[in-house]
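1. Task: produce atomic coordinates for the following.
(one chain, ligands or ions: 1)
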Amino acid sequence: MKKTNINTIVPRSTRFFALIVGMALILASCAGSSTPLQPASINAVKIAGLTWTIFAIAGIVFIIVEGMLIYASFRFRSKGRQIMPKQIEGNTRLEIGWTLLPAVVLLIVFLLSIGTLRSLFYQPAQAASASGDPPATLNVRVIGHQWWWEFDYPDQHIITANELHIPENTLVSLDIESIDVIHSFWVPQLTQKQDAIPGHITTIYINAPTPGTYLGQCSEFCGAQHANMLARVIVDPTDQFQAWVTQQQAPVAALSGEAAQGEQVFLSGACVGCHTINGTTAQGKVGPNLTHFASRNVFAGASQENTPQNVAHWLADPQAVKPGNLMPNLHLSQDAINKLVAFLESLK
Ligand code: CUA
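-> Have a look, this model is predicted:
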């Protein structure tokens, strides 16, 4: 039987082109704004520093080992002669050397990692508060749900979802937990990966100097929609953050027209069983708090842009948009959907 050679099926130039395109795509996917190699917080800078340090150590080891291999391959070629090389089995000094050297390298990597890990959980502002200076801090509870993140600001009495607003240049402590299964909160440019564990609170810190939007992704497999359990952290200039707090604390404005009709649909339907809207009879705790829904750019675990079209699609059949999520298909009429969209998009 004739052997099939890949060279006869796919020309070499085509395979080379495919390789280049593939590598470009991989690199392009890394070039977005969610790589830990573009750190945007004090802790993320430490993590990136550790990454590059270990990369450099591994690079040096690689160059030495491969260099010796390549050198030996050329320097000691047999050139057709059948010569038995010198046997070094049982050379005590060599055995000790190549056991100790990797152990020392690994010990250095271990100590660097432990040092960085410890420093992530020790924040200067804690020391400042111990000495009597009031630290500029903000505390947020971060609660993982299948499949979205809840953000609870206990001191500001704000509960929101999917989008975490924090002020620039402020030490923010995040108390991370889960309501159901284990998730992991991860915003590559700002935080380490931190498991969200039911019944256990872990506190991590963000201090981000540069305003902007940073993308997060649940990084612990947590069920069918794990991949669509996203988050956005929006670092605001201080005055904009204060404006956001004031807006979020405000009660829902009086509504008229289709939005008011939508509120009636909402309050008289099954919606109230799962969702809270402050100042109304809707006090459900299963789904996201919708009090200022229209002020958010995204919904459904930050997997959907918050547009009237997307909200209408979601209300018509949530399971088609995000299969497995906990919102059932309520079989709403088109009229009810239109009114609900008008209502939800008025919740600024
Ligand atoms: Cu939550 Cu993966």
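
2. Can you say which helix or strand has residue 339 in it?
-> helix 334-344 (DSSP states H and E).

3. Please read the previous query as pertaining to residue 332.
-> Assigned by DSSP H and E, residue 332 falls outside every helix and strand.

4. Return the distance of it relative to residue 246.
-> Plainly put, residue 332 is 33 Å away from residue 246 if you go by CB to CB, to the nearest Å. The way it works is simple: take the backbone N, C-alpha and C, and place the C-beta from them, glycine included.

5. Looking at those two, which has the bigger crowd around it?
-> A count of neighbours by other CB atoms under 10 Å puts residue 332 above the other of residue 332 and residue 246, at 19 against 10.

6. residues in contact with the more buried one?
-> Contact analysis of residue 332 by CB atoms under 8 Å, 6 or more residues apart in numbering lists 315, 316, 340.

7. For the first one, which residues are in contact?
-> Think residue 315. With CB under 8 Å, 6+ apart, residue 315 has these contacts: 330, 332, 337, 340, 341.

8. Check the second one too.
-> Contacts were defined as CB under 8 Å, 6+ apart; by that measure residue 316 touches 332, 337.

9. How about stretch 319-331, which residues are buried there?
-> For stretch 319-331, the neighbour count (16 or more other CB atoms under 10 Å) marks 321, 322, 325, 327 as buried.

10. Sitting in helices, which of these do you find?
-> Cross-referencing those against helices under DSSP state H gives residue 321.

11. closest to residue 198 among the buried residues of stretch 319-331?
-> Proximity of these to residue 198 (CB to CB) peaks at residue 325, which lies at 18.9 Å.

12. I'd say the closest one and residue 229 touch.
-> No: between residue 325 and residue 229 there is no contact under CB atoms under 8 Å: 10.1 Å.

13. Which neighbours do those two have in common?
-> 146, 147, 301.

14. wait, is the last one part of a strand?
-> No: the assignment for residue 301, made by DSSP: H, G, I helix; E, B strand; the rest coil, is coil rather than a strand.

15. For the nearest residue to it once chain neighbours are set aside, give its distance to residue 164.
-> Closest residue to residue 301 apart from its sequence neighbours, by CB to CB, 6 or more residues apart in numbering: residue 148 at 3.9 Å. To residue 164, residue 148 is 12 Å away according to CB to CB.

16. before we move on, what about residue 284?
-> 22 Å.

17. Those two: which is more packed in?
-> Per other CB under 10 Å, whichever of residue 284 and residue 164 has more neighbours is residue 164, with 25 against 16.

18. I'd like to know the beta-bridge partner residues of that one.
-> Note on residue 164: beta-bridge partners by DSSP bridges are residue 233.

19. surely residue 116 meets residue 47?
-> Yes: judged on CB under 8 Å, residue 116 makes contact with residue 47 at a distance of 6.8 Å.

20. Between the two, point out the one with more neighbours.
-> residue 47 (21 against 17).

21. That one - that's part of a helix, no?
-> Yes: counting by three-state DSSP, residue 47 is found in a helix.

22. ok, the nearest residue to residue 137 once chain neighbours are set aside to the ligand distance?
-> Excluding its sequence neighbours, the residue lying closest to residue 137 (CB to CB, 6+ apart) is residue 171, at 4.8 Å. As for residue 171, its distance to the ligand is 26 Å (criterion: CB to the nearest ligand atom, to the nearest Å).

23. No further questions, thank you.
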